[in-house]
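S.K.: need a structure here:
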Amino acid sequence: MHALELTHFKNHRASSWQFNPKVNIISGNNGNGKTNVLDALHYLSLTKSYLNTNDSQNITHGESMALLKAKLARKGSEHVLDLGLKKGQKKKVRLDGKEIDRLADHVGYMPVVMITPMDRDLIIDAAETRRKLMDTTVSQNDKHYLNALMAYNRALTQRNTTLKYFASNRTYDAEMIGLYNEQLAHNASIIFEARKAFASELLPLLTHYYHLLSGGKETVGVRYKSALHESSMTDLLTENESKDRVLQYTSSGTHRDDLVFHLGEHPIKRVGSQGQQKSFLIALKLAQFEITKRHLGMPPLLLLDDIFDKLDEGRVANLLSLVHTEEFGQIFITDTHPERMLELSENLQLNHSTFEITDDGEIQSL
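M.R.: Modelled structure (predicted):
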């Protein structure tokens, strides 16, 4: 990523950036828009915000459109990537001036892994958050998986809507439900096998990075939890047909999958200290980074938001030493205290550029 221009994106009415090929530190007070720069990179990669807001909420208040434009190198060639948001219209992504017809086809072109204080939700929140981690990672690496996931979610929505319709109208059409069952079963098997492979690849990497970050003697683990380990999707749908008619939604399937995180023999949610949970989360994201790099043959952008919220200075130094290598590619870091990161960068001899967003929105190079 060489350069970025933001126009009417969140609180960035007009900002432009020339990035260092290795480490980029973005500082400023809370609310000045540091995280929004990282979210713009996430948007350009996955065509959606990391922060789960809808597109119109990412347009500067009072404006009707936003534009994100990046200049980047990919496999030895220079490219221009831009994403446009307009209220009441579909977002558009263009590569070198040519519009991409299906946004799903763009996913994986400019991969990212983002680490933020919100990641604690991966431990404390419901299974949906952990499924999102699997889906984000595998979708960037595997177009077949992304297509199957989209088709599954469409069929699931249609089946649930149909079950509600049948209940409210006191009718039932087994043949129609059977058509949705076929679509769900076909795509569930693709999703299940890909997630199973992901969990298997994740475990040794998670263990490796956790040990490097924490130096602790405790072991960590991850287990893929899915009903499809014991039964096919077709059988699950058949067995739960009567139950689903009463509930008016599809009660089993890959949309109920989960990842179970362990510290020793127990769930980390219950027994992990704050420091252990923070180290676990960063190890998890570094493992996600390594898996993405392996499958795509290129390092993702690594986005580290408010990293001192997660780790003390010693562990931040360990992390930066770890990622400041060729294999980790380009890194973006936000922090509220520029002098803290500058001192660390000098001590670790990082190849870095430092920017500060002032309270009036100006971008200054330090």
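
S.K.: buried residues, the least confident helix or strand in the chain by mean pLDDT. List them.
M.R.: The helix or strand of the chain with the lowest confidence, counting by mean pLDDT, DSSP states H and E, is helix 313-323 at a mean of 78. For helix 313-323, burial by neighbour count (16 or more other CB atoms under 10 Å) applies to Arg315, Val316, Asn318, Leu319, Leu320, Val323. To be clear about C-beta, it is placed using only N, CA and C from the backbone, and glycine gets the same treatment.

S.K.: quick one: which two of those are the most distant?
M.R.: Farthest pair in these (CB to CB) is Arg315 and Val323. Separation: 12.6 Å.

S.K.: just the helices in this structure please.
M.R.: 34-46, 103-106, 121-124, 127-141, 143-169, 174-214, 233-239, 241-247, 268-271, 274-296, 313-323, 338-348 (DSSP state H).

S.K.: quick check: angle from the longest one to helix 274-296?
M.R.: Same thing as helix 174-214. Calculated by axes from the mean of the first three to the mean of the last three CA atoms, to 10 degrees, helix 174-214 forms an angle of 110 degrees with helix 274-296.

S.K.: same deal with the fifth one?
M.R.: Taking the same axes, to 10 degrees, one finds helix 143-169 and helix 274-296 inclined to each other by 110 degrees.

S.K.: mean confidence score for helix 143-169?
M.R.: Taken as a whole, helix 143-169 carries a mean pLDDT of 97.

S.K.: how about Gln330: what's its closest non-neighbour residue?
M.R.: Spatial nearest neighbour of Gln330, chain neighbours left out: Leu301 (5.5 Å); criterion: CB to CB, 6 or more residues apart in numbering.

S.K.: give the contact list for Lys132.
M.R.: For Lys132, no residue meets the contact criterion (CB atoms under 8 Å, 6 or more residues apart in numbering).

S.K.: if we can go back for a sec, any chance of the buried residues of helix 313-323 in JSON lines, with distance to Glu346 too?
M.R.: Compiled in JSON lines, the buried residues of helix 313-323 are given as follows (distance: CB to CB, whole Å):
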{"residue": "Arg315", "distance to Glu346": "19"}
{"residue": "Val316", "distance to Glu346": "14"}
{"residue": "Asn318", "distance to Glu346": "17"}
{"residue": "Leu319", "distance to Glu346": "17"}
{"residue": "Leu320", "distance to Glu346": "12"}
{"residue": "Val323", "distance to Glu346": "17"}
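
S.K.: just these now: which is nearest Gly215?
M.R.: Asn318 (8.4 Å).

S.K.: and the gap between the nearest residue to the closest one once chain neighbours are set aside and Leu348?
M.R.: Spatial nearest neighbour of Asn318, excluding adjacent residues (CB to CB, 6+ apart): Leu213 at 6.0 Å. Note on Leu213: its distance to Leu348, by CB to CB, to the nearest Å, is 16 Å.

S.K.: of those two, who's got more company?
M.R.: Counting neighbours by other CB atoms under 10 Å for Leu213 and for Leu348 shows that Leu213 has the greater number, 20 against 14.

S.K.: contact partners for the residue nearest to Asn318?
M.R.: Residues in contact with Leu213, defined by CB under 8 Å, 6+ apart, are Ser279, Ile282, Ala283, Arg315, Asn318, Leu319, Leu322.

S.K.: which residues does the residue nearest to Leu103 when sequence neighbours are not counted contact?
M.R.: Nearest residue to Leu103, sequence neighbours excluded (CB to CB, 6+ apart): Thr47, at 4.6 Å. Residues near Thr47 by CB under 8 Å, 6+ apart: Leu83, Lys91, Val93, Leu103, His106, Val107.

S.K.: can these go into TSV with extra columns for pLDDT?
M.R.: Listed next are those as TSV, based on pLDDT from 0 to 100:
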residue	pLDDT
Leu83	97
Lys91	94
Val93	96
Leu103	91
His106	94
Val107	91
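
S.K.: tell me how far stretch 288-299 is from the chain's mean position?
M.R.: Distance, stretch centre to chain centre, for stretch 288-299: 14 Å (CA atoms, centre = their mean, to the nearest Å).

S.K.: ok, and what's touching it?
M.R.: Taking CB under 8 Å, 6+ apart as the rule, stretch 288-299 contacts 74-75, 108, 111, 113, 133, 137, 140-142, 198, 201-202, 205, 300, 302, 327-330.
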